[in-house]
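K.L.:
give me coordinates for this.
(chains A, B and C)
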Amino acid sequence: MHTRATSVKAEMASSEHSPKTKSDILVFVRKKRSRKPQVIAENIVKVEPQDQKLGSLPDIEDFAYKKPNIDLPQRKFRPVSNDYNKTEVTQPSNWVKVLEGIREMRSLEDAPVDSMGCEKAGNSLPPKERRFAVLISSLLSSQTKDNVTHGAIQRLLDSNLLKPEAIDNADESTIKKLIYPVGFYTRKASNMKKIAKISLLNYHGDIPNTLEALLSLPGIGPKMAHLVMNVAWNNVQGICVDTHVHRICNRLGWVKQTKTPEQTREGLQKWLPKEEWVLINPLLVGFGQTICTPLRPSCSLCTVSGLCPSAFQEATPTKKSRMKTKLGES
DNA sequence: GTCCGGGTGG
DNA sequence: CCACCAGGAC
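P.N.:
Prediction:
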């Protein structure tokens, strides 16, 4: 704590801020991110070089950039933290049959499984650079088709802009142009700059190796953090739940009417054997893209519809029924 | 619940 | 032309 406070003071002194009281320092460290773009120096605090051992990752106590409300140290598996605890979920009796059925459907039909596209990112690079590439690739891949993400990564590689040093030195507008047209490219370009700086300041150009520290990076939420833990560190901390996994688990009754992907993750982790945690994502994503689609699920094509409590439940919306809904709402 | 910003398909 | 997609921040 002493070293951290000291380094924070040093950083504040070298910026336009000057440390006054203890709470000033706390506010400085824990400053809440605002929606508007802000100076990176407000969010990033450099760790004293002697706080880190070269060649290894720093301890989590040394992480100076973090979201509010995360208490230190926090190394253990993240405990279930919300009300979802209260609703008991038992292991669905037919889950193995359902899983096998979905596997068969998936083996017949090739889905454009766009998730996990990032695991290929820079697999020819040395480990540290590969991990950084995986992180950036994950950042870019959200709300973006796999081939678009791949193109952006390729352009970054060609311009030698897939390393933290290079990104840190590059203009945000340059990055923005290179990654276009990935979804939300403006914000992602800004987040790339911030992540590169954090990587250089606190991780020797590497990426964080804990879930909590990954979550503290701007633009990295639960879905991507678990993906990066799986792919970059080969360390399964939790299930990577995206909208497909979320939707399908609810339809199958594998979780009890969860409202958010995070609740789905917690519910699913309670009974799904850990060996399945990694593969469940690409499996259900592909299934969700082809058969168990969000809008009109093709229950008639689904071989496990007999085991699905939601099969044929959702009326396939016709133009008329959608008009009706719309009129009713307004 | 809303916004971000494109692409896509009704 | 417009609704919708989809992860993260707020």
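
K.L.:
what's the neighbour count on the residue of chain A found nearest DNA strand C?
P.N.:
Of all residues in chain A, residue A:221 sits closest to DNA strand C, at 2.4 Å by C-beta to the nearest atom of the strand. From N, CA and C alone the C-beta is placed, and that goes for glycine too. The criterion is other C-beta atoms under 10 Å. On that basis, residue A:221 has 13 neighbouring residues.

K.L.:
how far away is it from residue A:203?
P.N.:
Per C-beta to C-beta, to the nearest Å, residue A:221 is found 19 Å from residue A:203.

K.L.:
for residue A:215, the count of nearby residues, please.
P.N.:
18.

K.L.:
so residue A:241 makes contact with residue A:260?
P.N.:
No: using C-beta atoms under 8 Å, residue A:241 makes no contact with residue A:260, being 9.1 Å away.

K.L.:
for DNA strand B, what are the nearby residues on the stretch 1-150 of chain A?
P.N.:
For the stretch 1-150 of chain A, the residues in contact with DNA strand B (C-beta under 7 Å from any atom of the strand) are A:143-145.

K.L.:
among those residues, which one has the most neighbours?
P.N.:
Result: residue A:144 is most packed of those (other C-beta under 10 Å), 22 neighbours.

K.L.:
contacting residues for that residue?
P.N.:
Residues in contact with residue A:144, defined by C-beta atoms under 8 Å, 6 or more residues apart in numbering, are A:152, A:182-183.

K.L.:
which of the residues you listed count as buried?
P.N.:
A:152, A:182 (16 or more other C-beta atoms under 10 Å).

K.L.:
sorry, back to before: show the pLDDT at the residue nearest to the residue of chain A closest to DNA strand C when sequence neighbours are not counted.
P.N.:
Spatial nearest neighbour of residue A:221, chain neighbours left out: residue A:215 (7.1 Å); criterion: C-beta to C-beta, 6 or more residues apart in numbering. If you check residue A:215, the pLDDT there is 94.

K.L.:
hmm, residue A:222 and residue A:215 touching each other?
P.N.:
Yes: at 6.9 Å, residue A:215 counts as touching residue A:222 under the criterion of C-beta under 8 Å.
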